[in-house]
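Q: Fold the following for me, if possible:
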Amino acid sequence: MKAPTGMTRRLVTGAAAAVVTALGITTAAAASTAGHSAATIPQCRASQLGVWVATARGSGTAGSVYYPLEFTNLSTSTCYMFGYPGVSATTSTGTQLGAAAGRDSSVKPSIVNIGPGATAHSELQYVTAQVTPSCKPQPGYQLKVYPPDQKYSTTAAYDFPSCSTSSPVYLNVQVLQRGTGTGA
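A: A predicted model of the protein is given here:
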């Protein structure tokens with residue numbers, strides 16, 4: 001027996017509305033959950049981080065030494081970082097020495113969550129072969145370090161000879177990575 005045309009339309013329309021509503025609720029719940037978890041972990045700010053060069057774990061290759069640049073979360077809550085830190089050497093008065101660190105793209109970026117007291121790292125390449133008389137070396141005093149996507153910096157002790165001219169680039173950094181570094 002064939003149902004009347006009007007009744008068929010109402011049933012189909014009602015069923016379609018129920019499916020759309022169910023999908024909408026599921027999608028909204030998923031979006032809410034995804035948005036909620038992302039919103040609860042803020043980006044790490046410079047004021048939350050202790051940063052240092054792990055010189056004891058440095059390892060060298062022809063003309064370069066690789067040091068872990070360590071980032072410890074000093075706050076009481078988890079924060080995250082993604083991408084490259086901004087790094088440049090400075091004098092004792094805070095004047096930048098040479099160019100800012102270049103970017104070593106050999107590691108793919110990923111989100112790094114850093115719990116309270118936990119550490120993440122970036123490998124810092126110091127190109128010793130570039131620090132020559134032609135770059136007018138001066139003693140480095142500290143590194144000015146900007147967490148990714150942040151406009152405020154923190155500092156790390158740094159006592160290596162550094163170029164005072166804008167070229168060549170004698171420092172390079174990798175993206176932030178989980179855990180402590182090994183010095184490549």
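
Q: do you know how far Gln43 is from Val87?
A: According to C-beta to C-beta, to the nearest Å, Gln43 and Val87 sit 18 Å apart. (Each C-beta comes from the backbone N, C-alpha and C, glycine too.)

Q: Pick out whichever of the two has more residues nearby.
A: The residue with more neighbours, out of Gln43 and Val87, is Val87; 24 against 13, by other C-beta atoms under 10 Å.

Q: and the closest residue to that one other than its chain neighbours, how many neighbours does it have?
A: Among residues not flanking Val87 along the chain, Ala101 sits closest, at 4.0 Å (C-beta to C-beta, 6 or more residues apart in numbering). Around Ala101 there are 24 other residues, counting by other C-beta under 10 Å.

Q: Pull out the buried positions in stretch 166-183.
A: Pro168, Val169, Tyr170, Leu171, Asn172, Val173, Gln174, Val175, Leu176, Gln177, Gly181, Gly183 (16 or more other C-beta atoms under 10 Å).

Q: quick one: low-confidence parts of the chain?
A: Low-confidence regions of the chain, defined by pLDDT under 70, span residues 1-39, 183-184.

Q: Would you map out the domains in it?
A: Listed domain ranges for the chain are 1-40, 46-178 (source: automatic domain parsing).

Q: Give me the distance between the residue nearest to Val87 and Thr55.
A: Going from Ala101 to Thr55 by C-beta to C-beta gives 16 Å.

Q: list the contacts for Glu123?
A: Each residue near Glu123 by C-beta atoms under 8 Å, 6 or more residues apart in numbering is listed here: Tyr66, Tyr67, Pro68, Leu69, Asp104, Val107, Val173, Gln174, Gln177, Gly181, Gly183, Ala184.

Q: repeat for Asp159
A: Pro139, Gly140, Tyr141 are the contacts of Asp159 under C-beta under 8 Å, 6+ apart.

Q: How about the first one: what's its closest non-neighbour residue?
A: By the measure of C-beta to C-beta, 6+ apart, the closest residue to Pro139 outside its immediate chain neighbours is Pro161, 6.4 Å from it.

Q: which strand is the longest one in this structure?
A: For the chain, the longest strand by residue count, based on DSSP state E, is strand 64-73.

Q: What's the first helix or strand after that strand?
A: Sequence order places strand 79-81 as the next helix or strand after strand 64-73, per DSSP states H and E.

Q: ok, and what's touching that following strand?
A: Applying C-beta under 8 Å, 6+ apart, the contact partners of strand 79-81 are 41-45, 48, 71, 73, 111-114, 120, 147-148, 176.

Q: Sweet, I'm off.
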